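**Q** Turn this into a structure:
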Amino acid sequence: MKQPAVYILASARNGTLYVGVTSDLVQRTWQHKEHLVDGFAEKHGVEYLVWFELHATMDSAITREKQIKKWNREWKVRLIEEANPYWNDLWSQIVG
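**A** Residues are numbered from 1 along each chain as shown. Just a heads-up that it's a prediction; the model follows:
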């Protein structure tokens, strides 16, 4: 089922972070895990879904993504750790 979402991927706990937006979180996360997405995430091995937020509209998701991308790293880490303190890969949560 498609639903707009903002997500953060990490290369490892406290590793490189990638903030993205999608209309299909399962498909997009799978693409990152299978290294089918060229660019920053592929270059830095960023494939673990450590945070996501679902939105009612794509416009609100894009607005939120832009907001988070402007944040400093400390704020992004805090956002992740409030919901996922051990930086677990949330892949099984979205496909299960």
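**Q** in the worst-scoring helix or strand of the chain on mean pLDDT, what's buried?
**A** Lowest by mean pLDDT, DSSP states H and E among the helices and strands of the chain is helix 40-43, with a mean of 88. For helix 40-43, burial by neighbour count (16 or more other Cβ atoms under 10 Å) applies to Ala41. The C-beta positions use only the backbone N, C-alpha and C, and glycine is treated the same way.
**Q** With stretch 33-50 instead?
**A** For stretch 33-50, a neighbour-count test (16+ other Cβ under 10 Å) marks 37, 41, 46-50 as buried.
**Q** Provide the contact partners of that stretch at residue level.
**A** 7-12, 15-18, 20, 28-29, 31-32, 80, 84, 87-91, 94 (Cβ atoms under 8 Å, 6 or more residues apart in numbering).
**Q** Go through the buried residues of stretch 33-50 and name the one nearest Trp71.
**A** Distance to Trp71, by Cβ to Cβ, is smallest for Val50 among the buried residues of stretch 33-50, at 14.9 Å.
**Q** what's that closest one sitting at in phi/psi?
**A** phi -110, psi -10 (degrees, to the nearest 10).
**Q** One more: Ala56?
**A** Dihedral pair for Ala56: phi -80, psi -30, per degrees, to the nearest 10.
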